[in-house]
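In: coords below, sequence missing:
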């Protein structure tokens with residue numbers, strides 16, 4: 001029988017966050033979910049009379065995160081699993097995308113997640129127990145035109161997760177970066193921020209990419225409910241992985257990337273080795 005845990009999941013109003021929360025509640029766990037709007041808080045707490053708790057929190061307000069986490073620990077109980085799910089996608093050619101949009105992308109996808117981690121770590125460290133799950137993306141391994149800011153943020157979160165896993169391994173805390181492929185969430189729909197197009201030189205490259213993404217939205221192969229079940233399996237594992245891909249598309253694309261990278265390293269190995277002192 002699975003022991004009931006307290007999950008803290010960011011961004012439970014829709015998409016992966018809602019799917020993760022519903023699956024955890026159905027499995028008998030308690031879920032504390034972050035929301036930004038009162039209506040979303042009411043909708044979330046309605047999922048269960050006693051085990052669904054909503055806290056109003058914008059994760060870009062990093063000063064508010066530590067007090068919010070301390071309140072959960074005090075009023076609800078020990079957080080066993082942190083799921084850093086809140087995030088969004090930015091689409092735009094790099095030359096056309098304002099730096100302010102990159103800062104916003106990293107504020108949500110990276111700095112907010114790191115602030116959540118820093119807030120839960122003292123509690124998990126004292127208990128010598130806990131699991132931090134950072135939802136990244138196959139875009140944290142592979143890249144595609146028009147997603148420089150998004151992929152950059154997910155590459156960053158993958159790296160942060162891997163380093164953190166090494167730092168806390170001997171403290172009883174596990175860290176996993178979960179990288180989904182294409183799933184039927186709102187990521188490519190209303191949740192995506194798109195920079196305006198202005199430079200015709202990129203039209204032939206990018207216009208078909210944007211059109212294909214828009215047409216595919218709502219018809220992706222990935223099932224969020226099955227991703228949620230994978231999350232439950234992950235947090236019950238005795239030796240969870242540091243990196244976990246979700247979806248056959250992510251698996252194929254990341255394997256192709258690794259093979260291409262290995263071939264490129266081999267092709268340039270002579271030059272690579274030439275820079276050492278004789």
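Out: Nice, I can see it. Nothing here was measured: the structure is a model prediction, and the numbers come from that model. Numbering: from 1, shown residues only.
In: quick check: residue 79 touching residue 132?
Out: No: Residue 79 lies out of contact with residue 132 (C-beta atoms under 8 Å); the separation is 9.9 Å. (Glycine included, C-beta is placed from N, CA and C.)
In: do a quick rundown of the helices in the stretch 51-200 of the chain.
Out: 65-75, 99-106, 112-127, 148-168 (DSSP state H, counting those that start in this stretch).
In: mind checking which of these is nearest residue 266?
Out: helix 148-168 (22.6 Å; C-beta to C-beta).
In: angle of that closest one against helix 112-127?
Out: With axes from the mean of the first three to the mean of the last three C-alpha atoms, to 10 degrees defining the directions, helix 148-168 sits at 10 degrees from helix 112-127.
In: quick check: mean pLDDT across helix 148-168?
Out: Mean pLDDT, computed over helix 148-168, is 98.
In: residues making contact with that helix?
Out: 84, 87, 89-94, 97, 101-102, 105-106, 109-110, 113-114, 117, 121, 124-125, 132, 134, 136-137, 139-144, 174-177, 179, 242-243 (C-beta atoms under 8 Å, 6 or more residues apart in numbering).
In: got the buried residues for the least confident helix or strand in the chain by mean pLDDT?
Out: Least confident helix or strand, the chain: helix 203-216 with a mean of 83, by mean pLDDT, DSSP states H and E. Buried residues in helix 203-216, counted by 16 or more other C-beta atoms under 10 Å: 206, 209-210, 213.
In: same deal with stretch 35-55?
Out: So, applying 16+ other C-beta under 10 Å, buried residues of stretch 35-55: 35, 40-41, 43-45, 47, 51-55.
In: same question for stretch 149-168.
Out: Quick answer for stretch 149-168 (16+ other C-beta under 10 Å): 149-158, 160-161, 164-165, 168.
In: what's the biggest strand by length in the chain packed up against?
Out: Identified as the longest strand of the chain according to DSSP state E is strand 173-180. For strand 173-180, the elements it packs on are helix 112-127, strand 130-135, helix 148-168, helix 224-236, strand 243-246, helix 248-267, judged by 3 or more C-beta pairs under 8 Å, 6 or more residues apart in numbering; DSSP states H and E.
In: let's have those in a markdown table, adding distance to residue 10.
Out: A markdown table is the format used below for the helices and strands packed on strand 173-180 (distance: least, C-beta to C-beta, whole Å):
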| stretch | distance to residue 10 |
| --- | --- |
| helix 112-127 | 6 |
| strand 130-135 | 9 |
| helix 148-168 | 13 |
| helix 224-236 | 14 |
| strand 243-246 | 18 |
| helix 248-267 | 21 |
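In: of all these, which lies closest to residue 274?
Out: Per C-beta to C-beta, nearest to residue 274 of the helices and strands packed on strand 173-180: helix 248-267, 13.9 Å.
In: mean confidence for that closest one?
Out: pLDDT averaged over helix 248-267 gives 98.
In: please report how far residue 82 lies from residue 74.
Out: For residue 82, the distance to residue 74 (C-beta to C-beta, to the nearest Å) stands at 16 Å.
In: poorly predicted segments of the chain, please.
Out: In the predicted model of the chain, residues 1, 187-190, 218 satisfy pLDDT under 70.
In: switch to 80 and redo it
Out: Counting by pLDDT under 80, the low-confidence segments of the chain come to 1-2, 185-191, 213-219, 221.
In: and the helices and strands packed on strand 173-180, which is most packed in?
Out: Across the helices and strands packed on strand 173-180, averaging neighbours per residue (mean count of other C-beta atoms under 10 Å) puts strand 130-135 on top, at a mean of 25.
In: strands paired with that strand, and their directions?
Out: Sheet pairing of strand 130-135 (DSSP bridges) gives strand 81-84 (parallel), strand 173-180 (parallel).
In: make CSV from these and add mean neighbour count and distance to residue 273 to it.
Out: Formatted as CSV, the strands paired with strand 130-135 follow (neighbours: other C-beta atoms under 10 Å; distance: least, C-beta to C-beta, whole Å):
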stretch, mean neighbour count, distance to residue 273
strand 81-84, 27, 39
strand 173-180, 24, 31
